[in-house]
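Asks: Generate coordinates for the sequence data below:
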Amino acid sequence: MKKMRRMAALLLSCVLIAACPGIGSRAEEDTRGDFVFGDYVGDVDPASNAYSWVGMRVGVMESLFKLDDGMNVQKNLVDDYSVSEDGLVWTLKLRDGVLFQSGNPMDAEAVKASLERTCSMQSRADGELGIASMEANGNVLTITTKKPNPTLPNCLCDPYSGIVDVKSVGDDGDATIGTGPFKLVEYVENERMELDAFDDYWAGKPASKHVTIRSISDLDASSLALQNKELDACYGLSYDARDLFDGTPGFKISQAATGRVYKVYFNLEHAFTGDPNFRKAVCMAIDKPSYAQVLVNGAGTPAKSSFPATTAVAEATDVSSVPEFDMDGAKALLEESGYVDTDGDGILEKDGEKVSLQIITYGRTGLPQTGQALQSALQQLGIEASFEQLESTEDRGHAGTYDLSVYAEVTLPTGDPYSYLMNNFSTDGTQNFGKYSNAEVDALLEQLASEFDTDKRNELAAQIDGTVLADNSICNVFHLNMYMAMKDTVEGLNQSPVDYYHINWQTCVTE
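Replies: All right, here's what the predicted structure looks like:
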């Protein structure tokens, strides 16, 4: 089996050498080309904010473990690992010969310093990793956790676990040096990033000499740039643009089903949205099949569970309490619950107060359209609703200055449901913008946190998700298929079900 894997790797290398000029060439001249990619532009420092995935996406940062297309944890910068019988002590043997883009070695002391820095700067990382202490000995890192943490390898896949060279952190405190195939050489905020190949990359010499990441903030302009071949590939285009490239000569797309769910969550501390019957009526007014078909050009799968239907958690989740689309039923439920239009102006009232709601969202593809569709549905119910699109909804979410938020989130960010469920539905969760609090859910989450058996973990996660759904505290609308559009001469770039992996060492244009 090992011999077959070595032969497969050799064949892949040969194909790559033939496809992308300059790889493995004995000529002194570097004939590798440049690659121009439309994607989100942002800070590459894994510790810069709660979801700093840009550095991993563009090939600057890497984590100790990574997820495959089946959402299974695989070794990456780790060569081998084990855990003690009590589940507290993890011994990680790091891959030999890995260098940072600075030329410094990535040894256990460097990884320890990187994880310590991230945990000191980011509460989500600190809470999820739960590290009590670390010891470094050459290329062996020993991590002792505060309590048994069965998802530690999963958490070490998360972009916040990207390993940085702490010795090379700049005077501004920003970490830009990782172990990936490309080194950041220029960053223009919200505009572009310039990356040079790191030829001492541990997996092989990068196929492109230079990579430019161009911002896709203007989706129409980005689509036109790809059509004009000013871009080699682009991620994050509107779903209406998909048909421009799928099957069109000179272009191709790569598409994959993901765990990203588009959802509506409610501010449970506000008068109307704090009413379970009101929330249920709103959920009944959302036409999920139409939204999935129309708003994202057929790239959505109507959702009940928070997790994709193909996962064991979704299969075990009781979704019988999740209402189907029923506009007439929603109107009847509101009337039964005391929401009536007493003055004939078309707007419902409850206890003498007009029902007026504020919807917020941000600019991710499909979210504004979903927010506007929700606004229309509420108006059909007799609910006055304003709609506001923001650059980010997180500040407003934490402040509670909204009624409903249309949001997109990856529910299996590390291949395991715990992170999503804990952050969103524990009483003190970092992403619990709706202020959901349920003692039963908190107790189940505590059990899930220390359960090592996979089947039992799935059962607990399904019970948590089912309880939250029965409260109608959120309304999952659809799961999204993501796609990249590119020239048909692009190699080494494929849409992954995991939204963290884009540019890699094999990415290039063969023309």
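
Asks: What are the buried residues along stretch 139-155?
Replies: 139, 141-143, 145, 148-155 (16 or more other C-beta atoms under 10 Å). Any C-beta I mention is one placed from the backbone N, CA and C, and that applies to glycine too.

Asks: One more: stretch 383-390?
Replies: Going by 16+ other C-beta under 10 Å, stretch 383-390 has these buried residues: 383-385, 387.

Asks: Contacts only, for Val441.
Replies: Val441 sits next to 425-426, 464, 467-468 when contact means C-beta atoms under 8 Å, 6 or more residues apart in numbering.

Asks: Compile the buried residues of stretch 139-155 into a markdown table and extend it with columns for distance to Ser473, pLDDT and secondary structure.
Replies: Converted to a markdown table, the buried residues of stretch 139-155 look like this (distance: C-beta to C-beta, whole Å; pLDDT from 0 to 100; DSSP: H, G, I helix; E, B strand; the rest coil):
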| residue | distance to Ser473 | pLDDT | secondary structure |
| --- | --- | --- | --- |
| Asn139 | 46 | 98 | coil |
| Leu141 | 40 | 98 | strand |
| Thr142 | 40 | 98 | strand |
| Ile143 | 35 | 98 | strand |
| Thr145 | 30 | 97 | strand |
| Pro148 | 29 | 93 | coil |
| Asn149 | 27 | 92 | coil |
| Pro150 | 26 | 93 | coil |
| Thr151 | 24 | 92 | coil |
| Leu152 | 29 | 95 | helix |
| Pro153 | 30 | 95 | helix |
| Asn154 | 25 | 93 | helix |
| Cys155 | 25 | 93 | helix |
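
Asks: can you redo these as TSV with distance to Asp69?
Replies: Shown next, in TSV, are these (distance: C-beta to C-beta, whole Å):
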residue	distance to Asp69
Asn139	29
Leu141	27
Thr142	31
Ile143	27
Thr145	28
Pro148	29
Asn149	25
Pro150	22
Thr151	20
Leu152	22
Pro153	17
Asn154	16
Cys155	20
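
Asks: Please identify which two of the contacts of Val441 are farthest apart in space.
Replies: Distances among the contacts of Val441 were taken as C-beta to C-beta; the most separated pair is Ser426 and Thr467, at 12.4 Å.

Asks: which of the two has more neighbours?
Replies: Ser426 (22 against 18; other C-beta atoms under 10 Å).

Asks: Let me know the pLDDT of that one.
Replies: We have a pLDDT of 97 for Ser426.

Asks: do Gly250 as well
Replies: pLDDT, Gly250: 97.

Asks: when you give positions from now on, start the count at 55
Replies: Let's use 55 as the start, then, which means that last one is Gly304.

Asks: shouldn't it be in contact with Met540?
Replies: No. Contact status for Gly304 versus Met540: not in contact, 10.2 Å apart, counting by C-beta atoms under 8 Å.

Asks: So these two - more neighbours on which side?
Replies: Just comparing Gly304 and Met540: by other C-beta under 10 Å the higher neighbour count belongs to Met540, 26 against 10.

Asks: The more buried one - that's part of a strand, no?
Replies: Yes. Counting by DSSP: H, G, I helix; E, B strand; the rest coil, Met540 is located in a strand.

Asks: if I pick it, what's in contact with it?
Replies: 280, 286-288, 299, 305-308, 547 are the contacts of Met540 under C-beta under 8 Å, 6+ apart.

Asks: Of those, just say which sits nearest to Ala229.
Replies: Closest to Ala229, out of all of these and judged by C-beta to C-beta, is Leu547, at 25.6 Å.

Asks: Based on its surroundings, how many neighbours for the closest residue to the closest one other than its chain neighbours?
Replies: Counting by C-beta to C-beta, 6 or more residues apart in numbering, Leu547 lies nearest to Thr561, which is 4.9 Å off, once chain neighbours are set aside. The local packing of Thr561 (other C-beta under 10 Å) involves 25 other residues.

Asks: Can you show me the strands along the stretch 405-554 of the chain?
Replies: In the stretch 405-554 of the chain, the segments counted as strands under DSSP state E, counting those that start in this stretch are 407-408, 410-416, 438-444, 458-464, 528-541, 544-545.

Asks: Next one: the residue nearest to the spatial centre of the chain from Val143, what distance?
Replies: The residue lying closest to the centre of the chain (C-alpha atoms, centre = their mean) is Val464, at 4.5 Å. Counting by C-beta to C-beta, to the nearest Å, the gap from Val464 to Val143 is 30 Å.

Asks: where in the protein is pLDDT low?
Replies: Counting by pLDDT under 70, the chain has low-confidence residues at 55-82, 104-105.

Asks: Please repeat the previous calculation with a cut-off of 80.
Replies: Across the chain, the ranges flagged by pLDDT under 80 are 55-82, 103-106, 124, 311, 565.

Asks: ok, so what distance separates the residue sitting furthest away from the middle of it from Glu445?
Replies: Going by C-alpha atoms, centre = their mean, the residue of the chain most distant from its centre is Asp397, 46.2 Å out. Taking C-beta to C-beta as the measure, Asp397 falls 38 Å from Glu445.

Asks: roughly how far apart are Lys129 and Ser138?
Replies: Distance of Lys129 to Ser138, given as C-beta to C-beta: 19 Å.

Asks: So for the two, which residue has more residues nearby?
Replies: Of the pair Lys129 and Ser138, Lys129 is the one with more neighbours under other C-beta under 10 Å, namely 15 against 12.

Asks: wait, doesn't that one sit right on Phe119?
Replies: Yes. Lys129 is within contact range of Phe119, at 6.2 Å (criterion: C-beta under 8 Å).

Asks: Flag every buried residue along stretch 531-549.
Replies: Those would be 531-541, 544-549, for stretch 531-549 by 16+ other C-beta under 10 Å.

Asks: Only alpha carbons, please: show that stretch as CSV.
Replies: Extracted in CSV, the C-alpha atoms of stretch 531-549 (Å, rounded to 0.1, in the frame of the first residue of the first chain):
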residue,chain,number,x,y,z
VAL,A,531,-33.1,28.2,5.2
PHE,A,532,-30.7,26.3,2.9
HIS,A,533,-27.3,24.7,2.7
LEU,A,534,-25.1,26.1,0.0
ASN,A,535,-23.0,24.7,-2.8
MET,A,536,-19.9,26.8,-3.4
TYR,A,537,-18.2,27.3,-6.7
MET,A,538,-15.1,28.8,-8.3
ALA,A,539,-15.0,29.9,-11.9
MET,A,540,-11.7,29.8,-13.8
LYS,A,541,-10.0,29.6,-17.1
ASP,A,542,-9.9,26.1,-18.5
THR,A,543,-6.1,26.2,-18.3
VAL,A,544,-6.0,26.4,-14.5
GLU,A,545,-4.7,23.5,-12.6
GLY,A,546,-4.4,22.7,-8.9
LEU,A,547,-7.5,24.8,-7.9
ASN,A,548,-10.6,23.0,-6.7
GLN,A,549,-13.6,24.1,-4.6
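
Asks: Now do the contacts for Asp358.
Replies: No Asp there; residue 358 is Lys. 371, 373, 376, 523, 530.

Asks: Now do it against Ser374, distance only.
Replies: For Lys358 relative to Ser374 (C-beta to C-beta), the value is 9 Å.

Asks: Select the longest strand from this structure.
Replies: strand 305-320 (DSSP state E).

Asks: Could you identify the helix or strand that succeeds the helix or strand hosting Met110?
Replies: Using DSSP states H and E, Met110 falls within helix 108-111. The first helix or strand that comes after helix 108-111 along the chain, using DSSP H and E, is strand 119-121.

Asks: I'd like the next helix or strand past that next one.
Replies: strand 127-129.

Asks: partner strands of that next one, parallel or antiparallel?
Replies: Using DSSP bridges, strand 127-129 pairs in its sheet with strand 119-121 (antiparallel).

Asks: Can you give me the buried ones in the partner strand?
Replies: Residues of strand 119-121 classed as buried: 119-121 (neighbour count, 16+ other C-beta under 10 Å).

Asks: got the contact list for it?
Replies: 127-132, 207-208, 210-211, 468-469, 552, 554-555.

Asks: Narrow those residues to those that are buried.
Replies: The buried subset of the contacts of strand 119-121 - by 16+ other C-beta under 10 Å - is 127, 130-132, 207-208, 210-211, 468-469, 552, 554-555.
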